[in-house]
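Enquirer: Here is a sequence together with a model predicted from it:
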Amino acid sequence: MYRVLIADEDVLGREALKMILSRNQDVCVTHTVSSGEDAVRVCKEEPMDIVFLSMQVSGIKGVEASRVIHRSRPETAIYILTPYATGSLVHRVAQDVVEDVLEKPVTHTQIQKVLEDYAAKHANSVHKQLELLTAILKEKDFKHFSDELPTVLEDIYREANGDANQLMQMFTYLGQGLLDSRGACGTPTKIQDVFPIHMSSITDPRVTEIWLFGLVDKLFCENSVTRYPLLENIFTYISDHIQEDITLNSIVEHCAISQGYLSRIFRERFHVSVTEYIHMRKIHLAKRYFCFTEYSIAEVAFRLGYNESSYFSKIFKKYGNSTAKEYRQKTAVVPKNEAAVSV
């Protein structure tokens, strides 16, 4: 999902370009503004993939605004829109910061070429993983997400090669893209406002795994409640009792829903059973305990409602992509005040 900003003083021009872009399912026009100052502000506050910046904007003019945006977001592709046949001149003046200059009015063919070129040039790990996770959300397959999570993280960390700043940009982009995939482009939500990620320990894959699992779980639940509002009570009950021995019968009893109906709609929205989902949530919480505390495997098992540590270890191996012992022995405990996620 490509995040796009349109900056143009011409209202009709903005709407026409937005309409063309909206035909592409991989594009989300998150902002339309009329001034250069607003374009600069938005790009400083949020990661943008593509900016269409008209020469006709109020305040800071197109070329100057593009330079300011490029300084703060050099990864953003900027396209200047001009109503005059002066594209070559503008391009020479701003060739170090803009991708191209397009003469207005732009056509669907021109925009399609821009998007195709952008996709080819920016086919890196974070874009690939965003496409994968977005597809999984559409497939409504929570087990598929859990299975793919280690590979998603491995690819991102391999490309970043230990660069904390790049990791921060990549995970911010990934999280924002997942939020945008909900289809709520009309009311943009910043990832740092609803599911913050921090620089301090982002180089630890265990921490970002916890963050990404929590984010995607949140999106699965939100999407499911949109389709079946009664599921909100189910998710609330599971969250409130996740450290207990939750059974399907206890959920049915406390949430006043038939077992058959719950099982059917839950499998429709997650492609796993309610019990499987609870186990996956518990293992996610177990990883948080292992990362941020010195609890033993037996202590973690007891805190999550498993009466036998051997059974907990069996469940952990099935849903945790490693054994509990292997995971517990990974590096040192992360101090809570250095976590990359809110815990």
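Expert: Ah, there it is.
Enquirer: Wait, residue 167 touches residue 161, no?
Expert: No: contact criterion CB atoms under 8 Å: residue 167 and residue 161 do not qualify, at 9.5 Å. All C-beta atoms are positioned from the backbone trio N, CA, C, and that covers glycine.
Enquirer: Low-confidence regions, the stretch 151-300 of the chain specifically.
Expert: 183-188 (pLDDT under 70).
Enquirer: The chain: strands as residue ranges?
Expert: 2-7, 27-33, 50-54, 77-82, 100-103 (DSSP state E).
Enquirer: Let's have these in JSON lines, adding mean neighbour count.
Expert: As requested, those are exported to JSON lines (neighbours: other CB atoms under 10 Å):
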{"stretch": "strand 2-7", "mean neighbour count": "25"}
{"stretch": "strand 27-33", "mean neighbour count": "21"}
{"stretch": "strand 50-54", "mean neighbour count": "26"}
{"stretch": "strand 77-82", "mean neighbour count": "23"}
{"stretch": "strand 100-103", "mean neighbour count": "18"}
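Enquirer: of all the ones you listed, which lies closest to residue 261?
Expert: Of all those, strand 27-33 sits nearest to residue 261, with 34.3 Å by CB to CB.
Enquirer: Run through the residues that contact residue 189.
Expert: Residue 189 sits next to residue 179 when contact means CB atoms under 8 Å, 6 or more residues apart in numbering.
Enquirer: any chance of the strands of the chain in JSON lines, with mean pLDDT and distance to residue 280 too?
Expert: Formatted as JSON lines, the strands of the chain follow (pLDDT from 0 to 100; distance: least, CB to CB, whole Å):
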{"stretch": "strand 2-7", "mean pLDDT": "91", "distance to residue 280": "30"}
{"stretch": "strand 27-33", "mean pLDDT": "90", "distance to residue 280": "29"}
{"stretch": "strand 50-54", "mean pLDDT": "93", "distance to residue 280": "36"}
{"stretch": "strand 77-82", "mean pLDDT": "90", "distance to residue 280": "38"}
{"stretch": "strand 100-103", "mean pLDDT": "86", "distance to residue 280": "46"}
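Enquirer: Having no further points to raise, I will conclude here.
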